[in-house]
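Colleague: Using only what follows, build the 3D model:
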Amino acid sequence: MNFQVVVLAGGTSKELVPLVPLVSKELPKALLPVANRPVISYVLELLELSNLKDIIVAVEGKEAHHCVEHWILEAYMDRLRIKVERVPDDVGTAGALRAVAHLLTAKDILVVSGDIVSDVPPGAVAAAHRRHDAVVTTMLCPAPVSGPSDSGSSIAKDKAKKPGHYNRIGLDPTRQFLLYIATGAELEKDMRIQKSILCAVGQMEIQSDLMDAHLYAFKRSVLQEILNQKDKFQSLKQDVLPYLVRTQLSSEVVLNGVQQPEENGNEMASYQNNQELLSQVLSNSSTTSFHELYALGPKGSIPVRRTHKCCVYIASNSKYCMRLDSIQAFSDINRDVIGDASHLSGYSFSAHNNIIHPSAELGSKTTVGSHCMLGEASIMGDKCSVKRSVIGRHCRIGSNVKVVNSVVMNHVTIADGCTIQNSVICSNVQLQERVVLKDCQVGANFVVTTGSECKGEALAKKEK
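Modeller: From the prediction side, this is the model:
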């Protein structure tokens with residue numbers, strides 16, 4: 001398919017503290033566990049399934065780069081052609097691409113966030129991009145429904161939830177072309193639609209229930225041109241993509257190595273060159289879009305306007321796609337991957353619809369319910385109960401412990417009589433006897449003392 005892939009793996013994240021420490025950087029965001037697997041593994045295996053194996057992984061910071069590179073070398077080097085590149089901290093997604101731009105040689109580039117958990121094939125996005133000869137194609141997904149479930153059944157609660165509003169997106173009647181996008185602070189402003197786009201397309205459909213999945217296909221020459229010329233652009237989503245959408249009928253980019261004609265007829269290139277350009281434009285696209293029609297001169301003559309195409313690939317409602325970009329999303333994705341989206345886990349579930357590693361040990365009268373996972377060499381005492389939760393590797397759990405809707409990472413010690421609900425417990429944590437946690441996050445290596453009762457708290461060591 002002649003695509004290169006850039007996986008933007010980031011480094012640390014303020015939104016994920018204390019799960020991802022900002023200073024010690026013991027656990028980069030890319031290695032956060034989803035069903036006891038690093039989140040970036042879901043992206044890499046999805047790319048492998050689409051036969052997209054020429055991959056650059058961009059990681060921010062020295063420590064995070066070392067950790068991610070070490071893990072990838074062990075897990076994937078015999079399966080994928082991967083380069084793990086260190087990029088500067090806090091340069092944004094566009095800055096990370098600038099840092100690896102010298103490695104990009106393919107005609108088209110697929111850029112994907114390393115925190116996506118999805119079953120939407122990236123190859124389908126790449127194919128749509130090529131079919132339309134677009135400068136950018138972005139994947140959109142139905143906005144996810146999120147939120148923790150209580151100890152009872154989650155079904156009724158989930159039905160009552162409504163998806164959030166992530167972006168304001170304008171589409172053409174065929175739902176193939178991106179005409180307008182507003183994100184972040186732009187959502188608070190009045191909508192301003194370009195008259196030229198409305199006149200060219202006839203009508204526009206505005207949606208606010210679609211999520212930008214942070215998976216983009218770019219024409220490499222155009223992407224590199226923008227990154228070079230717009231040196232203040234930091235974000236693909238908030239800078240590069242809106243710029244391309246905004247200028248698609250007054251394009252400033254060079255397409256297919258051919259400079260496009262000036263709108264002023266007196267400045268046009270020779271008739272022969274324009275005929276070649278028209279032939280090239282029409283041959284590169286399987287169907288004529290409003291872009292080509294808008295570009296044509298009077299009575300369908302040679303092109304007199306510069307245009308480029310911004311396309312979308314909209315995933316069906318039956319597909320799963322979420323980004324691990326918050327603590328709530330971390331909990332939701334872990335719950336989903338051992339629940340309704342269990343096909344993503346890569347594991348075989350038992351007859352009881354759970355996963356208990358053969359080396360794990362369960363005490364007398366201990367129950368591990370459906371949609372649960374118990375990791376390698378973990379030991380649970382007597383009369384424990386686990387519901388809709390993930391428990392990592394080498395954990396030591398005492399007697400009379402209840403774990404509900406929670407994620408417990410590796411090497412955690414939980415003493416007798418503890419109750420954990422809707423919480424995340426990071427690696428090497430110690431919970432002493434009779435600790436009660438509800439809606440809490442406990443950072444790595446923290447000790448929660450005997451009898452503590454915490455609700456809605458983030459517990460972590462102070463970083464120096």
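Colleague: What segments of the protein are helices?
Modeller: With DSSP state H as the definition, the chain shows helices at residue ranges 39-49, 62-75, 92-100, 122-132, 155-160, 195-201, 220-229, 241-246, 271-284, 290-295, 327-337.
Colleague: from memory Leu19 sits against Phe446, does it?
Modeller: No. In this structure Leu19 lies outside contact range of Phe446 using CB atoms under 8 Å: 11.9 Å. Backbone N, C-alpha and C define where each C-beta goes, glycine included.
Colleague: what is in contact with the two at once?
Modeller: Cys426 (CB atoms under 8 Å, 6 or more residues apart in numbering).
Colleague: And these two? Which one has more around it.
Modeller: For Leu19 versus Phe446, neighbours defined as other CB atoms under 10 Å are more numerous around Leu19 (25 against 17).
Colleague: Can you name the residues bridging to the nearest residue to Ile82 once chain neighbours are set aside?
Modeller: Spatial nearest neighbour of Ile82, chain neighbours left out: Ile55 (4.8 Å); criterion: CB to CB, 6 or more residues apart in numbering. When bridges are taken as DSSP bridges, the partners of Ile55 come out as Val5, Ile82.
Colleague: Pull the contacting residues for Ile55.
Modeller: Counting by CB under 8 Å, 6+ apart, Ile55 touches Gln4, Val5, Val6, Val7, Leu44, Leu47, Leu80, Arg81, Ile82, Lys83.
Colleague: Closest to Gln238 out of the residues you listed?
Modeller: Nearest to Gln238 among the contacts of Ile55 is Val6, at 17.9 Å by CB to CB.
Colleague: Would you agree that closest one is in contact with Asp54?
Modeller: No. In this structure, Val6 is not within contact of Asp54 by CB under 8 Å, at 10.2 Å.
Colleague: Of those two, which one has the most company?
Modeller: Val6 (26 against 17).
Colleague: ok, Asn353 - how many residues close by?
Modeller: 13.
Colleague: Ignore what I typed, I meant Thr105.
Modeller: Neighbour tally, Thr105, other CB under 10 Å: 10.
Colleague: Give me the contact list for stretch 88-95.
Modeller: Contacts with stretch 88-95, where a contact means CB under 8 Å, 6+ apart, come from 8, 11, 60-61, 87, 98-99, 111, 113, 214, 227, 233-237, 239-240.
Colleague: Tabulate the contacts of Ile55 (CSV), appending distance to Val91 and pLDDT.
Modeller: Written out in CSV, the entries for those read as follows (distance: CB to CB, whole Å; pLDDT from 0 to 100):
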residue, distance to Val91, pLDDT
Gln4, 20, 97
Val5, 19, 98
Val6, 14, 98
Val7, 16, 98
Leu44, 23, 97
Leu47, 23, 96
Leu80, 25, 93
Arg81, 25, 94
Ile82, 21, 95
Lys83, 18, 96
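Colleague: picking that back up, can you give me the distance of the residue nearest to Ile82 to Ser350?
Modeller: To Ser350, Ile55 is 34 Å away according to CB to CB, to the nearest Å.
Colleague: now do Cys426
Modeller: Distance, Cys426 to Ser350, using CB to CB: 27 Å.
Colleague: More neighbours: the two, which one.
Modeller: Neighbour comparison, Cys426 and Ser350: the larger count goes to Cys426, with 28 against 11 (by other CB under 10 Å).
Colleague: So for that one, what's the nearest residue that isn't a sequence neighbour?
Modeller: Take Cys426 and drop its neighbours on the chain: the residue closest to it by CB to CB, 6+ apart is Ala444, 4.2 Å away.
Colleague: where in the stretch 51-200 of the chain is pLDDT low?
Modeller: Applying pLDDT under 70 to the stretch 51-200 of the chain flags residues 145-166.
Colleague: From Lys14, how far out is Gly375?
Modeller: In this structure, Gly375 lies at 28 Å from Lys14, with CB to CB as the measure.
Colleague: Asn51 now?
Modeller: Asn51 sits 36 Å away from Lys14, taking CB to CB as the criterion.
Colleague: Tell me which of those two has more neighbours.
Modeller: Under the neighbour definition other CB under 10 Å, Asn51 and Lys14 were set side by side, and Asn51 has more, 10 against 7.
Colleague: pretty sure the residue nearest to Cys426 is touching Val429, no?
Modeller: Yes. With contacts counted by CB under 8 Å, Ala444 reaches Val429, the gap being 6.9 Å.
Colleague: If anything else comes up later, I'll come back, but that's it for now.
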